[in-house]
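A.B. asks: with the sequence up front, the predicted model follows.
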Amino acid sequence: MTTTEPIEVTLAVTGVLERLGVEYLVGGSLATSLHGIPRATLDVDIVADLRMTHLDPFVAALREAFFVDADMVRDAIRRRATFNILHLATMFKVDVFVAGADDLLAAELARKQRVQVLEEPRADVFVASPEDMVLQKLIWYRDGGGVSDRQWGDVVAMTWYWRPKSATCLCAPWPSMPSASAGSSPRPPPGPSSSEREVGFGRDSASIRPNPRSACARRDPTKFGTST
């Protein structure tokens, strides 16, 4: 796979979504890279507000270039769940998360940003905002019990890199913000630090702090990958 193939595969899917009038955003490692922090990826994550009326034209438009199971797509739309499709020429996987009735996700779709991904010919995609990508990482960190060095390290790197560019304040409480997974009970953390307030964390996101036993909790954010 060449360096541009993930972009080209993504555009093949987002192009169909745009022609069908489906609201979407690209997240995950590809969105992180498009915002300026390079990440390797073997798949792409897309959130899409697909409905049953989109099923047949969506499958028909992708069937020639992708392995796509219409029954899997139908079931995911019905349950507001996830399905995946596979690009036949590159074996690149696209995970599609069907948007559900979630206040946080609705806000993410409203804050999505259009980013240029190719110059000739020009091509753009909608991606999750940096603030929302950090917030999702914090949710995953919390739901994992507050022990993942990888998730917390991503939060540190993202907030440090994006802090001059990010002005949105995620301060409003989210009525339907996902709660911690069953059986997971991370220690209640102290209030937000000055650095957390600086990057715009609000009541929910700032309440998620690193586990003091985590290596990432002891790192200088200006020296990623090194321990202090």
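C.D. replies: Great, that's in hand.

A.B. asks: which stretches of this protein form strands?
C.D. replies: Assigned strands in the chain, in chain order: 24-27, 43-48, 66-67, 82-87, 93-98, 113-118, 123-127 (criterion: DSSP state E).

A.B. asks: any stretches of the protein with poor pLDDT?
C.D. replies: Applying pLDDT under 70 to the chain flags residues 1-3, 164-228.

A.B. asks: just the helices in it please.
C.D. replies: With DSSP state H as the criterion, the chain has helices at 5-19, 28-34, 55-62, 70-79, 103-111, 130-143, 149-162, 194-198.

A.B. asks: for the strands of the chain, which one ends up most surrounded?
C.D. replies: strand 24-27 (a mean of 24; mean count of other CB atoms under 10 Å). All C-beta spots, glycine's among them, are computed from the backbone N, C-alpha and C.

A.B. asks: which helices and strands sit right next to it?
C.D. replies: Judged by 3 or more CB pairs under 8 Å, 6 or more residues apart in numbering; DSSP states H and E, strand 24-27 is in contact with helix 5-19, strand 43-48, strand 123-127.

A.B. asks: mind putting these into a markdown table with distance to residue 28?
C.D. replies: Shown next, in a markdown table, are the helices and strands packed on strand 24-27 (distance: least, CB to CB, whole Å):
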| stretch | distance to residue 28 |
| --- | --- |
| helix 5-19 | 10 |
| strand 43-48 | 4 |
| strand 123-127 | 10 |
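
A.B. asks: now for these, which one comes closest to residue 90?
C.D. replies: For those, the distance to residue 90 is smallest for helix 5-19, at 5.3 Å, taking CB to CB.

A.B. asks: relative to strand 123-127, how tilted is the closest one?
C.D. replies: 80 degrees (axes from the mean of the first three to the mean of the last three CA atoms, to 10 degrees).

A.B. asks: now do helix 5-19: distance to the chain's middle.
C.D. replies: 17 Å (CA atoms, centre = their mean, to the nearest Å).

A.B. asks: check stretch 42-57 too.
C.D. replies: Put simply, stretch 42-57 sits 15 Å off its chain's centre (CA atoms, centre = their mean).

A.B. asks: could you work out the end-to-end span of it for me?
C.D. replies: This stretch, stretch 42-57, spans 26 Å end to end (CA to CA, to the nearest Å).

A.B. asks: kind regards, and thank you for your time.
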